[in-house]
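Participant: Dropping the sequence and predicted coords here.
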Amino acid sequence: MLKVESVKSPKAAADPASLHKKMMQLLSSLWVTHAIGSFARLGLADAMEAGGDSAEALAKAHGLVPDRVYRLLRALSTCGIVTESAGERFALTPLGRMLTSSAPNSMKTSAELLTEYNGEIWSKLDGALAGGIAFEALKGKELFDWLHANPKEGARFQRMMVEVHSPETPAIVSAYDFGQFKRIVDVGGGHGMLLSAILAAHPGVQGTLFDLQEGIDAARRGEGGPLPGVSFIAGNVFESVPEGADGYLFRHLLHDYDDDDCLKMLRNVRRAMKPDARVLVLEKTVPTDDTPGPGRWLDLHVMLLTGGRERTAPEYQALFGKAGLKLNRVLPTAHPAVEVIEVVAADARPA
Ligand SMILES: C[S@@+](CC[C@H](N)C(=O)[O-])C[C@H]1O[C@@H](n2cnc3c(N)ncnc32)[C@H](O)[C@@H]1O
């Protein structure tokens with residue numbers, strides 16, 4: 001779902017001053033996230049894109065206090081979101097432009113949501129280490145039920161998925177021969193961006209998009225791109241999965257669920273798939289050594305958000321085995337946050 005770079009620990013022999021500086025950086029990183037979130041949510045990046053270049057002008061247009069807006073901009077200039085020039089004039093940088101609504105690589109909704117419930121759940125980490133799901137303690141419902149009950153939030157969630165996963169999509173499409181399939185079902189395919197890119201590269205393949213209603217609605221709005229000839233099926237993977245395809249995609253769905261729930265959906269896929277079908281789990285395996293990567297942080301995030309987890313290849317292997325499937329191979333992609341984990345029926349003949 002989200003990507004976070006690992007923070008390298010300081011060298012063992014670091015002096016006390018460097019250690020103190022490093023610790024202060026770590027402890028105050030929340031300030032940066034929240035400043036960026038407010039800048040995006042209040043529309044200040046959009047206003048700057050439209051020509052606003054002073055705290056006075058931006059504050060006036062948004063009913064804010066000029067001195068406070070100035071202090072926000074001055075702080076954001078230290079992390080490359082805006083630049084400040086003489087006369088207290090500010091300009092958006094290419095990085096800051098990503099917080100506008102109109103940027104092709106916009107991350108505005110992600111900036112907002114990571115400082116709303118996706119941020120609030122982290123304040124519940126202490127309690128979550130004793131069990132339970134932080135999001136449910138916060139909102140009284142499971143994430144996907146809450147999104148269903150709040151359609152505006154359902155749409156914002158899908159928008160965030162498009163923003164966060166866009167750079168992975170071309171990397172996945174070039175890492176695997178999707179042209180071998182007659183029919184692909186994208187399970188939990190949401191907005192449909194991955195299916196759209198696969199069908200653009202392989203127009204002969206038939207596509208089915210399967211998701212909860214909110215995902216199907218986003219895809220029908222065209223948020224993930226064109227989906228020519230695709231059948232849209234709103235349904236629940238815990239009940240059943242569309243039958244008879246030779247390719248089933250699961251991008252960032254398994255990590256949203258615990259092992260018991262993953263088993264239910266994998267068993268449903270095992271029942272629905274053709275005997276020689278391939279199931280492609282598009283996630284990043286957590287390394288079993290201390291290789292850095294985004295997975296260990298995302299693991300905590302999904303633990304708080306949905307009770308899900310990131311998994312090592314042996315953990316995936318064990319899960320697949322219980323569902324009558326087996327891990328065939330793990331292919332890297334050019335994107336660091338995703339691999340193609342190819343899974344086949346446990347009794348499938350070797351290709
Ligand atoms: C983390 S998002 C990933 C979306 C998309 N695959 C992507 O890579 O951007 C998980 C998706 O799974 C869908 N989903 C969650 N639970 C589901 C269920 N029980 N049945 C069907 N779809 C589900 C959500 O609606 C959402 O679109």
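Facilitator: Noted; the coordinates are in hand. Residues are numbered from 1 along each chain as shown.

Participant: if I've got this straight, residue 84 is in a helix?
Facilitator: No - under DSSP: H, G, I helix; E, B strand; the rest coil, residue 84 sits outside any helix and is assigned strand.

Participant: That one contacts residue 72, correct?
Facilitator: No - between residue 84 and residue 72 there is no contact under CB atoms under 8 Å: 11.7 Å. Glycine gets a C-beta too; all of them are placed from N, C-alpha and C.

Participant: which of those two has more neighbours?
Facilitator: Using other CB atoms under 10 Å, the more surrounded residue of residue 84 and residue 72 is residue 72, with 21 against 15.

Participant: Excluding chain neighbours, what is closest to the more buried one?
Facilitator: residue 35 (6.1 Å; CB to CB, 6 or more residues apart in numbering).

Participant: ok, that neighbour - contacts?
Facilitator: Contact analysis of residue 35 by CB atoms under 8 Å, 6 or more residues apart in numbering lists 72, 75, 76.

Participant: Sort out which residues of the helix or strand it falls within are buried, please.
Facilitator: Residue 35 belongs to helix 16-41 when assigned by DSSP states H and E. Neighbour-count burial for helix 16-41, counted by 16 or more other CB atoms under 10 Å, picks out 35, 36, 37, 38, 39, 40, 41.

Participant: cool, stretch 276-287 as well?
Facilitator: When neighbours are counted by 16+ other CB under 10 Å, the buried residues of stretch 276-287 are found to be 277, 278, 279, 280, 281, 282, 283, 284, 285, 286.

Participant: Tell me the span between the first and last residue of it.
Facilitator: Using CA to CA, to the nearest Å, one end of stretch 276-287 lies 29 Å from the other.

Participant: Ok, stretch 227-244 next?
Facilitator: 20 Å.

Participant: Check whether it comes near the ligand.
Facilitator: Yes - among the residues of stretch 227-244, 236, 237, 238 lie within reach of the ligand under CB under 6 Å from any ligand atom.

Participant: for the first one, helix, strand, or coil?
Facilitator: Put plainly, it is residue 236. Strictly by three-state DSSP, residue 236 counts as coil.

Participant: Can you report how many residues lie near it?
Facilitator: 14.

Participant: List the residues that contact the nearest residue to it once chain neighbours are set aside.
Facilitator: Spatial nearest neighbour of residue 236, chain neighbours left out: residue 212 (6.8 Å); criterion: CB to CB, 6+ apart. Going by CB under 8 Å, 6+ apart, residue 212 touches 144, 148, 234, 235, 236.

Participant: Now do the same contact list for residue 214.
Facilitator: 147, 148, 151, 154, 155, 157, 158.

Participant: Does residue 76 touch residue 83 like I think?
Facilitator: No - if you go by CB under 8 Å, residue 76 and residue 83 don't touch, sitting 9.7 Å apart.

Participant: neighbour count winner among those two?
Facilitator: residue 76 (26 against 14).

Participant: roughly how far apart are that one and residue 34?
Facilitator: As judged by CB to CB, to the nearest Å, residue 76 and residue 34 stand 11 Å apart.

Participant: Could you do residue 161 as well?
Facilitator: Residue 161 is 22 Å from residue 34, by CB to CB.

Participant: Now, of the contacts of residue 214, which are buried?
Facilitator: 147, 154, 155, 157, 158.

Participant: what about residue 54, distance to the ligand?
Facilitator: Distance from residue 54 to the ligand, counting by CB to the nearest ligand atom, to the nearest Å: 38 Å.

Participant: where does that residue fall, phi/psi-wise?
Facilitator: phi -130, psi 160 (degrees, to the nearest 10).

Participant: hang on, isn't it packed against residue 91?
Facilitator: No - with contact defined as CB under 8 Å, residue 54 does not count as touching residue 91 (10.8 Å).

Participant: and residue 255, what is it in contact with?
Facilitator: 1, 283, 298, 302, 308, 309, 310, 311.
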